[in-house]
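Participant: When you get a sec, could you give me coordinates for this:
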Amino acid sequence: MDDDLSCEGCDFSTDLCICTAILNSFKEVNRMLSELGLLRRLTQQAVMEILKDRIHSFVQDSCKGSFEESYISKLIRWLDESVMGWIRSIYTSHSASTFGALDTTEISEYREKLIQLMLETYTKARIEQLFNIIIEFPDSQPALEDLRDCLTRTNLRQFLTTNLRQVLDAKLLHPGVNTGDILTAYIAAIRALRVLDGSGVILELVCSNLRKYLKTREDTVKCIVQSLLDESAMELREELMKSEGLQLDANLEDEDVQEGWEDWEPDPVDADPNKVSRGRRSADIISMLVNIYGSKKIFVNEYRSLLSNRLLTHWSYETEKEIRYLEMLKLRFGESGEDSLYQCEVMLKDISDSKRMNFHLHSQDGGCPELITQAIDVNALILSAHFWPPFKASEPVELPDQVKEALDVYTKAFQTLKGNRTLEWNSGLGTVQLQLELGEKKLDLRVSPIHASIICKFTEREEWSLGELSSVLKVSSTVLRRKIVFWITHGLIKEAGGDLYKLAEGHERRPSGVSNNSQRRESVDEGDCEESFTESRADQREAELSFFWSYIVGMLTNLESLPLERIHQMLRIFAMEGPTGVECDINELREFLDGKVRQQKLCFTGMHYRLPK
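Facilitator: Residues are numbered from 1 along each chain as shown. Below you'll find the model as predicted:
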């Protein structure tokens, strides 16, 4: 036998192994201590410390990072087979005369303590991993169900809420995280914590800071509305397809004792007694997102702004998809009240009416012959200005004469059909389909009116100074310089220096990346289009708040200086009750006044606002 072969237990060579002697001595000492009644008293603490470390190691090794299966039954099975076997070797290896029913009772007590210890260890391990469990939901549902069962058998509920709130605050509540990612995590938390606690109290406690932080972000409403309309966001899309209306906290009454009283259960002891239990137990994700702000009006206005830009940027008369989304939103947000979606219905109707109008005016039967035969084909989106969001301020451009004549023909045809109604054209909006010939190559481009006007001027003269072109087109030099870069990029115009621009020579007229011998027809979309044509909800809100400015100036002129609370109180009395119906809470007013301070239109000293001298 190899002399180096040694026993793993005592490190002696196998022929000198003393493990058996040690084990026999161990049992003999236990027997004598048991006969003296000292065994449990002397060994209990040491045994529990050893088992505590072993259980902790086993739980970490078995369950860390694995959320897709339940582990409680496996852990109990391991405890019965391995741990309890070791316990029995200590306490039941003695003579039957010494041990009887008492031994069985002691072993059962040990087992109950060890199961409780193991559940607490497993619960703490899952709590430390709870953020990852939430993000991976619904794949992690078995882990959540285990944690739910463990919370009923351990006193770790408060530890869970404190720990998870700290983790969410540390990981999500800072400027480095996108609003969309914060919303994704919040939605996952809503769905996951409903499995953990059906009362919604844990969700309310751990996400309170998260909800407050989302309210401070300017793009939260926009991200929520975009997610509702995003086909890839399946969670919110499924919520949108539900037929019940929103459950807003402001409209809820505690009706638990009136409806379903047979199944009524009291809220947990850590629930906020000032909040309605029914709203807390709601599992409607969209309602919880709207409740961040407490009003659906800002969401309706944001959707209205988003819809207007979608309709105006797609340049298509096909609205079936938008109508389907609108009908689903009407089921959730309601069809009545000042914050209804009626204006959005009118917007979609404008698009369909425009399609019918264009078809009729260009048709052979009943159409306008002059409109049909003219060189420039004109199709219009006819919008009811009262129902659309305000358009962004844009500089009107002086259109070419032939384009203005074509628009006049369309206007006369419309007036003939509609009687006393007429059209007001917005020369800064719309698209122009151009076909440019570059030698043997033909290039199709869809550009904005200002880009089309620029290139048309270069068909009249091959060389223009920036000042001359700005004067003819009635566009500022700053805007014109930015817009003309598009044609320089496509190789049609070149900069000759000194704010002088020339039409490129024939051999130079090609878009970058296109070979000289290319004879294909290409369609190139103009990349400098406006991302949005109408004002955003934030822009509209700023315009609404500017209504208060004259009141504020008058107050400070008469009273010299006022604190924020006094200004807000006076606005509620004199301005918010007026015909405009514009309301403003104290936080919005603070932001508005601070903006005026940054613009040096107000001074802020000693917690008082005053006009600069």
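Participant: drop to CA atoms for contacts and neighbour counts, all remaining ones
Facilitator: Fine.
Participant: how about residue 502, secondary structure?
Facilitator: Under DSSP: H, G, I helix; E, B strand; the rest coil, the three-state class of residue 502 is strand.
Participant: ok, so what distance separates the closest residue to it other than its chain neighbours from residue 496?
Facilitator: Nearest in space to residue 502, with sequence neighbours left out and distances taken as CA to CA, 6 or more residues apart in numbering, is residue 463 at 4.3 Å. According to CA to CA, to the nearest Å, residue 463 and residue 496 sit 9 Å apart.
Participant: try residue 199
Facilitator: Distance from residue 199 to residue 496, by CA to CA: 72 Å.
Participant: Look at those two and report which has more neighbours.
Facilitator: More crowded of residue 199 and residue 496, by other CA atoms under 10 Å: residue 199, with 23 against 13.
Participant: Tell me how far that one lies from residue 236.
Facilitator: As judged by CA to CA, residue 199 and residue 236 stand 22 Å apart.
Participant: now do residue 554
Facilitator: Residue 554 sits 47 Å away from residue 236, going by CA to CA.
Participant: what touches both of residue 463 and residue 496?
Facilitator: residue 502 (CA atoms under 8 Å, 6 or more residues apart in numbering).
Participant: got the end-to-end distance for stretch 440-456?
Facilitator: End residues of stretch 440-456 are separated by 20 Å (CA to CA).
Participant: Sort out which residues of it are buried, please.
Facilitator: Within stretch 440-456, the residues that count as buried by 16 or more other CA atoms under 10 Å are 441-443, 445-455.
Participant: Likewise for stretch 139-146?
Facilitator: Neighbour-count burial for stretch 139-146, counted by 16+ other CA under 10 Å, picks out 140-146.
Participant: Stretch 471-478 too?
Facilitator: For stretch 471-478, using 16+ other CA under 10 Å, the buried residues are 473, 475, 477.
Participant: Verify the stated contact: the first one with residue 428.
Facilitator: If I follow you right, that is residue 473. No - between residue 473 and residue 428 there is no contact under CA atoms under 8 Å: 11.6 Å.
Participant: Can you work out which residues contact both of those two?
Facilitator: Counting by CA under 8 Å, 6+ apart, the shared contacts of residue 473 and residue 428 are residue 397.
Participant: can you give me the helices for the stretch 351-500 of the chain?
Facilitator: Counting by DSSP state H, counting those that start in this stretch, the stretch 351-500 of the chain has helices at residues 369-373, 401-418, 449-460, 466-473, 477-489.
Participant: highest average neighbour count across the ones you listed?
Facilitator: Per-stretch averages of neighbours, counted by mean count of other CA atoms under 10 Å, single out helix 449-460 among the helices of the stretch 351-500 of the chain, with a mean of 18.
Participant: tell me what that helix is packed against?
Facilitator: strand 432-438, helix 466-473, helix 477-489 (3 or more CA pairs under 8 Å, 6 or more residues apart in numbering; DSSP states H and E).
Participant: So which residues make contact with it?
Facilitator: Helix 449-460 has contacts (CA under 8 Å, 6+ apart) with 397-400, 427-432, 434, 464, 469, 473, 483-484, 486-487, 502-503.
Participant: what's the weakest-modelled helix or strand in the chain?
Facilitator: Within the chain, judged by mean pLDDT, DSSP states H and E, the helix or strand with the poorest mean is strand 521-525; its value is a mean of 42.
Participant: wait, residue 611 sits on residue 556?
Facilitator: Yes - contact criterion CA under 8 Å: residue 611 and residue 556 qualify, at 6.4 Å.
Participant: Need the overlap of contacts for these two.
Facilitator: With contacts taken as CA under 8 Å, 6+ apart, not a single residue reaches both residue 611 and residue 556.
Participant: same for the lengthiest helix in the chain, what does it pack against?
Facilitator: Secondary structure of the chain per DSSP state H: the longest helix is helix 101-128. Judged by 3+ CA pairs under 8 Å, 6+ apart, the packing partners of helix 101-128 are helix 39-63, helix 72-78, helix 84-91, helix 141-151, helix 157-172.
Participant: between these, which has the poorest average model confidence?
Facilitator: Least confidently modelled of those is helix 84-91, at a mean of 72 by mean pLDDT.
Participant: what helix or strand is residue 211 on?
Facilitator: Applying DSSP states H and E as the criterion places residue 211 in helix 208-216.
Participant: And that helix, what's buried?
Facilitator: 210-211, 213-214.
Participant: can you check stretch 417-424 too?
Facilitator: The neighbour-count check on stretch 417-424 (16+ other CA under 10 Å) flags residue 417 as buried.
Participant: Averaged pLDDT, that stretch. What do you get?
Facilitator: 83.
Participant: Now do it: distance from first to last residue.
Facilitator: End-to-end for stretch 417-424, by CA to CA: 16 Å.
Participant: neighbours around residue 201, how many?
Facilitator: Using other CA under 10 Å, residue 201 is surrounded by 21 other residues.
Participant: what's the distance between it and residue 193?
Facilitator: 9 Å.
Participant: Residue 184 too?
Facilitator: Taking CA to CA, one finds residue 184 at 14 Å from residue 193.
Participant: So between these two, which is more surrounded?
Facilitator: For residue 184 versus residue 193, neighbours defined as other CA under 10 Å are more numerous around residue 193 (23 against 17).
Participant: Grab the nearest non-local neighbour of that one.
Facilitator: residue 203 (6.0 Å).
Participant: Okay, and the one you found sits in which element?
Facilitator: Counting by DSSP H and E, residue 203 is part of helix 201-206.
Participant: Could you do residue 292 as well?
Facilitator: In this assignment (DSSP H and E), residue 292 forms part of neither any helix nor any strand.
Participant: which residues touch it?
Facilitator: Listed by CA under 8 Å, 6+ apart, the contact set of residue 292 reads 211-212, 214-215.
Participant: And for residue 347?
Facilitator: Shown in contact with residue 347 (CA under 8 Å, 6+ apart): 308, 383-384, 387-388.
Participant: Correct me if wrong: residue 447 contacts residue 435.
Facilitator: No - counting by CA under 8 Å, residue 447 does not reach residue 435; the two are 10.7 Å apart.
Participant: Other residues contacting stretch 493-506?
Facilitator: The contact list for stretch 493-506, computed with CA under 8 Å, 6+ apart, reads 438-439, 458, 462-466, 487-488, 491-492.
Participant: Could you give the number of residues near the closest residue to residue 448 other than its chain neighbours?
Facilitator: Distances taken as CA to CA, 6+ apart place residue 431 nearest to residue 448, at 4.7 Å, with adjacent residues excluded. Other residues near residue 431 come to 20 when the count uses other CA under 10 Å.
Participant: again, but for residue 321
Facilitator: Residue 321, neighbours per other CA under 10 Å, totals 8.
Participant: a markdown table for the helices and strands packed on helix 449-460, including mean pLDDT and distance to residue 607?
Facilitator: A markdown table is the format used below for these (pLDDT from 0 to 100; distance: least, CA to CA, whole Å):
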| stretch | mean pLDDT | distance to residue 607 |
| --- | --- | --- |
| strand 432-438 | 81 | 55 |
| helix 466-473 | 88 | 48 |
| helix 477-489 | 87 | 41 |
